[in-house]
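1. pasted the sequence and its predicted model underneath.
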Amino acid sequence: MIIIGEKINGAIPSVAKAIEEKNADWIRNLARIQSEAGADFLDVCSAVVGKDVETLKWLIDLVQEVCDTPICIDSPNPHSIVEAIKFCNKPGLINSVSLEGDKLDTVFPVIADTEWQVIALLSGKDRLSEDINVRIDALEQVMQKAREYHIDESRIHIDPLVFSMGAIPSSYSGYATVARYTKEHYPNVHITSGLSNVSYGLPSRKTINQAFLILAMQAGMDCAIIDPTSRDMIGSIFATEALLEIDEYCIGYIGAYDEGRFGVKKA
Ligand code: THG
C-alpha cells in the first residue's frame, strides 16, 4: 500500500491556524511525524484562496527541511500546481486533475517527460456524479489524454470518488464497481482515495473509515490518503494485505510489527 500522509492540509483548523501565524515548527513537526511513520508521500494543501502558490511554497520548503519524503501537491487550481512543481526537490504526486476546466491540458504537458505521478478524480466536466457510467466515462477520457501525452499507466492514480454513505447508501458498492472496472482495464493504474468523505455526518467516523479502507483494498485500492500516525489504520492495512495475499506469508505484516508500526507499543 502506498500511504499519502494527510496532515498538512489548511482545511484542518489547527493547520489553518499554523499557516496564519506562520508557525513553521508546527508544520515541520507534522512533516517529521508522518515521515517517521512511514508515509510514502506527504500531501500539502494550503486551502488559502488568493495566496495558494505563496503558501504552498512556504509549506513545501518546510517539509523539505526535515525529510526527503516526496510531496503530494494538493490544490484545486492547476496553475498553482504547475508553479508548485518548481518548489519540489524531486518528483512527487499531483492531487489532482479531472475533466473540469483546463486541468488535464494544463498539468499533463508539464509532467509528460518527468517522473511525476498524478491523481485524476473521476468527476464529470462540471460536477461530481455518483453515477457509475459518468465515472467510467471520465476514466476513459483521462486515459485517452494520458495516451496522447505518453504518460505511462503506472504514473496515473485514479480516485473513483468516495461519497458520504449517510447521503448515498450505495457509496461503497459504486466505489467498488468503478475501482474493479479500472483495475480490469488498466491493471497498472493505481487506485487512490481519501476515506473521510464516506463517514461525513456520522458518529465515530474513524470506525467507518477503517471498515471502508479494508473493503476498498479488496476492490483494488492500493494507495490511501490517511493519517499515517494512526496505528490502528496502519495495522489494518498490513493485516488486510496479508489476507488478500498481496503480502504472502505475512512477511510485510511481521516486519512492520517488529518495527513497532502497530500493535501494543513496546516499552
Ligand atoms: N481524494 C483526493 N484528495 C483528497 C481527498 C480525497 N484530499 C483531501 C482529503 N480528501 C484527504 N485529506 C484529509 C485530511 C485531513 C482529514 C481528512 C482528509 C481529517 N483530519 C483530522 C485531523 O487531522 O484533525 C482527523 C484525522 C484522524 O484522526 O484520522 O479529517 O478524497 N484525491
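-> Perfect, I can see it now.
2. contacts, neighbours, all on C-alpha from now
-> Noted.
3. residues contacting the nearest residue to residue 197 once chain neighbours are set aside?
-> Excluding its sequence neighbours, the residue lying closest to residue 197 (CA to CA, 6 or more residues apart in numbering) is residue 164, at 5.2 Å. Taking CA atoms under 8 Å, 6 or more residues apart in numbering, we find residue 164 in contact with 171, 197-201.
4. which strand of the protein spans the most residues?
-> Taking DSSP state E as the criterion, the chain has its longest strand at strand 2-9.
5. close to the ligand: what parts of the stretch 151-267 of the chain are there?
-> 159, 193-194, 196, 225, 227 (CA under 6 Å from any ligand atom).
6. what do you get if the cut-off is 8 Å, keeping everything else the same?
-> Counting by CA under 8 Å from any ligand atom, the stretch 151-267 of the chain comes close to the ligand at 159, 161-162, 192-197, 206, 225-227, 230.
7. need the residues you listed in TSV (columns: neighbour count).
-> Shown next, in TSV, are these (neighbours: other CA atoms under 10 Å):
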residue	neighbour count
159	28
161	25
162	21
192	27
193	24
194	17
195	24
196	19
197	17
206	15
225	20
226	22
227	17
230	13
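8. looking at these, which is nearest the ligand?
-> Using CA to the nearest ligand atom, residue 194 comes nearest to the ligand of these, at 3.4 Å.
9. pretty sure that closest one contacts residue 158?
-> No: counting by CA atoms under 8 Å, residue 194 stays clear of residue 158, with 11.5 Å between them.
10. low-confidence ranges, the chain, go.
-> Residue ranges of the chain with pLDDT under 70: none are present.
11. strands along that one, start to end?
-> For the chain, the strands defined by DSSP E occupy 2-9, 41-45, 71-74, 93-97, 117-121, 156-159, 190-194, 223-226.
12. partners of the fifth one in the sheet?
-> With DSSP bridges as the criterion, the sheet partners recorded for strand 117-121 are strand 93-97 (parallel), strand 156-159 (parallel).
13. how about the longest one?
-> Strands adjacent to strand 2-9 in the sheet, as given by DSSP bridges, are strand 41-45 (parallel), strand 223-226 (parallel).
14. that one and the ligand, are they touching?
-> Yes: judged by CA under 8 Å from any ligand atom, strand 2-9 and the ligand are in contact via 6-9.
15. ok and that strand relative to strand 190-194, angle-wise?
-> Angle, strand 2-9 to strand 190-194, by axes from the mean of the first three to the mean of the last three CA atoms, to 10 degrees: 30 degrees.
16. run the chain-centre distance for strand 2-9.
-> Its chain's average C-alpha position is 7 Å from that of strand 2-9, according to CA atoms, centre = their mean, to the nearest Å.
17. show me the contact partners of that strand.
-> Contacts for strand 2-9 (CA under 8 Å, 6+ apart): 15-16, 27, 30-31, 34, 38-47, 72, 222-228.
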